[in-house]
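A.B. asks: Below: sequence and its predicted model.
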Amino acid sequence: MTRGGRADLVTGEGLARAMDGVEVAYYLIHSMERSAPDSGSFAERDLLAAGIFASAAARAGVRRIVYLGGLLPRGDSDGAGGAHARLALSPHLASREAVERVLLDALADSVALRASIVIGAGSRPFRLLVHLVERMPFLTLPAWRHHRTRPIDARDVAEMLAAAADAAVAGTLDVGGPDVLSYEQMIIRIAELMLVRRPALGFGMSLTPLTGRIAAAIAGEQPELVLPLMGSLKGDLLPADDRAARLLNVELHTFDAAVERALADWEEVEPLAAR
């Protein structure tokens, strides 16, 4: 939406101008950082912004909204026909789903890509993991370390988002990389690719209110970002299927390739203490 310049999603100012003549509008906004005291929770702000964006897109005649949201937990098979029971959503993932619903309801041809952790130099969750590996003398891994996900290369996400503009598909698509990894495996592999040795110490409890604040302090991140992220690690976050890469014609990079590229991109603008 560069045609019309800047716009404010909270007030709606500038949105009509920005969307004038636009066929496909991308919604890549999600914020959990602290804001003004009277601005409400991050979920309230996100829902407000999504509603204003969706209404402006509909009025402007936008054909499709493309949204990057979050993978939702599916639970375990209930034994009856292989169906999956729905797990309770964390506030973070519930907010992602609520925003998705607003955008898809506004324009029937819209597409929502649901991803887990994106591996890229600009990805805040990835940067959090790298800073923890750099700055902790040993890796403390709470109970959620055993849960699995499919991290995806930022290059693959960008390619999917671009392809989604004209793809013959609508609705939601789960996206993920080719490797299924537990969070413990992911963190240890990042440390190995950074060429650092860190002994791992596992805990039997999650202790998210405590460990989240400690992790935020060590990594130099805001607790308002880290706590909701860790609160979402209550189970596996895996795509329901693999059709997204096929439908969008994207060849996926491995986890190792994604991390190596992300670290190389990072080092072009900022040194890594551990390398």
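C.D. replies: Cool, the structure landed. On a predicted model such as this, the values are computed, not experimentally measured, just so you know.
A.B. asks: for the longest helix along the chain, the distance to its chain's centre please.
C.D. replies: Scanning the chain for the helix with the most residues, using DSSP state H, yields helix 42-60. In terms of C-alpha atoms, centre = their mean, to the nearest Å, the centre of helix 42-60 is set 19 Å apart from its chain centre.
A.B. asks: I'd like to know which elements it is packed against.
C.D. replies: Contact partners of helix 42-60 among helices and strands, from 3 or more C-beta pairs under 8 Å, 6 or more residues apart in numbering; DSSP states H and E: helix 15-19, strand 24-27, strand 64-70, helix 91-106. Bear in mind the C-beta positions are built from the backbone N, C-alpha and C, glycine included.
A.B. asks: Buried residues, the first one. List them.
C.D. replies: Pointing back at helix 15-19 there. Neighbour-count burial for helix 15-19, with 16 or more other C-beta atoms under 10 Å as criterion, is recorded at 15, 18, 19.
A.B. asks: The longest one too?
C.D. replies: Neighbour-count burial for helix 91-106, counted by 16+ other C-beta under 10 Å, picks out 92, 93, 95, 96, 97, 98, 99, 100, 102, 103, 104, 106.
A.B. asks: residues in contact with whatever helix or strand comes next after it?
C.D. replies: In the C-terminal direction, the helix or strand that comes right after helix 91-106 (DSSP states H and E) is strand 111-115. Residues outside strand 111-115 that contact it (C-beta atoms under 8 Å, 6 or more residues apart in numbering): 64-72, 96, 100, 103-104, 152, 157, 160-161, 164, 167, 169-176, 239, 244.
A.B. asks: Can you list the low-confidence ranges for the stretch 51-200 of the chain?
C.D. replies: The model of the stretch 51-200 of the chain has pLDDT under 70 over residues 75-87.
A.B. asks: thinking again about what came up before, and the angle for the longest helix of the chain with strand 64-70?
C.D. replies: Calculated by axes from the mean of the first three to the mean of the last three C-alpha atoms, to 10 degrees, helix 42-60 forms an angle of 170 degrees with strand 64-70.
A.B. asks: who touches helix 42-60?
C.D. replies: By C-beta under 8 Å, 6+ apart, helix 42-60 touches 9-12, 15-16, 19-20, 22, 25, 27, 29-33, 35, 39-40, 65, 91, 94-95, 98-99, 102-103, 105-107, 224, 228.
A.B. asks: again with stretch 238-256
C.D. replies: Counting by C-beta under 8 Å, 6+ apart, 71, 74, 84, 113-114, 116, 119, 148-153, 155-156, 159-160, 163-164, 167-169, 173-181, 186, 189, 193, 261 sit against stretch 238-256.
A.B. asks: can you do 6 Å?
C.D. replies: 150-151, 153, 156, 159-160, 163, 167, 169, 173-179 (C-beta atoms under 6 Å, 6 or more residues apart in numbering).
A.B. asks: out of the residues you listed, who's nearest residue 266?
C.D. replies: residue 153 (14.0 Å; C-beta to C-beta).
A.B. asks: list the contacts for that closest one?
C.D. replies: Residue 153 neighbours (C-beta under 6 Å, 6+ apart): 119, 253, 258.
A.B. asks: which non-adjacent residue is nearest it?
C.D. replies: residue 258 (3.6 Å; C-beta to C-beta, 6 or more residues apart in numbering).
A.B. asks: Going by neighbour count, list what's buried in the helix or strand hosting that neighbour.
C.D. replies: Applying DSSP H and E as the criterion places residue 258 in helix 255-269. Going by neighbour count (16+ other C-beta under 10 Å), the buried part of helix 255-269 is 255, 257, 258, 259, 261, 262, 263, 266.
A.B. asks: same check, this time on stretch 50-69
C.D. replies: Neighbour-count burial for stretch 50-69 [16+ other C-beta under 10 Å]: 50-54, 56-57, 60, 62, 64-69.
A.B. asks: again with stretch 136-153
C.D. replies: For stretch 136-153, using 16+ other C-beta under 10 Å, the buried residues are 136, 139-142, 144-145, 147-153.
A.B. asks: pretty sure residue 167 belongs to a helix, no?
C.D. replies: No. Counting by DSSP: H, G, I helix; E, B strand; the rest coil, residue 167 falls outside a helix, being coil.
A.B. asks: Report how many residues lie close to it.
C.D. replies: 17 (other C-beta atoms under 10 Å).
A.B. asks: Could you do residue 110 as well?
C.D. replies: The number of residues near residue 110, taken as other C-beta under 10 Å, comes to 25.
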